[in-house]
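Engineer: Predicted coordinates and the sequence they were generated for:
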Amino acid sequence: MALYAFGMMFFDTTRNIVEKRENPRIIFLLGVIAATLVVFIMISPIISSNLETHYPIDAAVGNSQAIGLILFTKFLVPFEVAAVMLLVAMIAGIVLAGKKMDKSLTLMAEEEIALMSATKPNQDSEEGAH
Amino acid sequence: MEITLAHYLVLSSALFAIGLIGVMRRKNLLMLFFATEILLNATNIAFAAIAHFHNDLTGQMFAFFVIAIAASEVAVGLGLLIVWYKRTGKIDLDIMTSMRG
């Protein structure tokens, strides 16, 4: 999702894009593969019933302390990756929401807003032409 | 009455069903985000409950990362929603038929 947003940042999202139609057979094949994967994920606990605890809860230390200890020793790399992903998502959200933010509708007069909304369809058709 | 793992799992399944119905039926894009939040939090309840009853911290750790994913998903989704709203003035899912696949 964050990667998708990162890609979306570089496109002009205010104009229409004509989508190319893909081969339906490839989509069908990918759908079948995804469905079998989901079935495999669902039945995997039934097949392997020997679950073992990797990080047992110690009653001597509190829950928060135990989580902190494990988070910063065993799960440090996923933690950092999640932090970077959150940063990327935040930047992507700001950039996506901040496009054309130089024009504030609340500070404009009614005539300017009417003028802008009247000229917008022409802009879209010009941009869609090339 | 003692609360067992089954109670938590029933609660989690009920919340998951509510979220799934919301994802399928909601036409407002903002309400769709709420429904996805319900979905993710239902799985979080299941993870935390199983971690407690299984005496293992891995489920709680996974719940943490699910929370992080949910936060970034909503941040990006709201950005895209703002772009869509600026472009069309509506956040109705029924009018999003420009992509025909």
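Structural biologist: Everything's here; your move. Numbers count the residues shown, from 1 in each chain, chains lettered A, B, ... in the order given.
Engineer: Do you know the pLDDT at B:A70?
Structural biologist: pLDDT, B:A70: 91.
Engineer: List the contacts of the closest residue in space to A:I67 that isn't next to it in sequence.
Structural biologist: Setting aside the residues directly before and after it, A:I67 is nearest to B:Q60 in space (CB to CB, 6 or more residues apart in numbering or on different chains), at 6.0 Å. C-beta here means a position set from N, CA and C on the backbone, and glycine is covered the same way. Contact analysis of B:Q60 by CB atoms under 8 Å, 6 or more residues apart in numbering or on different chains lists A:63, A:67, B:47-48, B:51.
Engineer: State the helix or strand in which B:F64 lies.
Structural biologist: Per DSSP states H and E: B:F64 is located in helix B:58-88.
Engineer: chain center to that helix: distance?
Structural biologist: 9 Å (CA atoms, centre = their mean, to the nearest Å).
Engineer: Spell out which parts of chain B neighbour chain A.
Structural biologist: Within chain B, the residues that sit near chain A (CB under 8 Å from any CB of the partner chain) are B:52, B:54-58, B:60-61, B:64-65, B:68-69, B:71-73, B:75-80, B:82-83, B:86-87, B:98-101.
Engineer: what's the burial count for residue 32?
Structural biologist: Defaulting to chain A. Look at A:V32: counted by other CB atoms under 10 Å in any protein chain shown, it has 10 neighbours.
Engineer: meant chain B actually
Structural biologist: 19.
Engineer: Which helix or strand contains it?
Structural biologist: With DSSP H and E as criterion, B:L32 is part of helix B:29-53.
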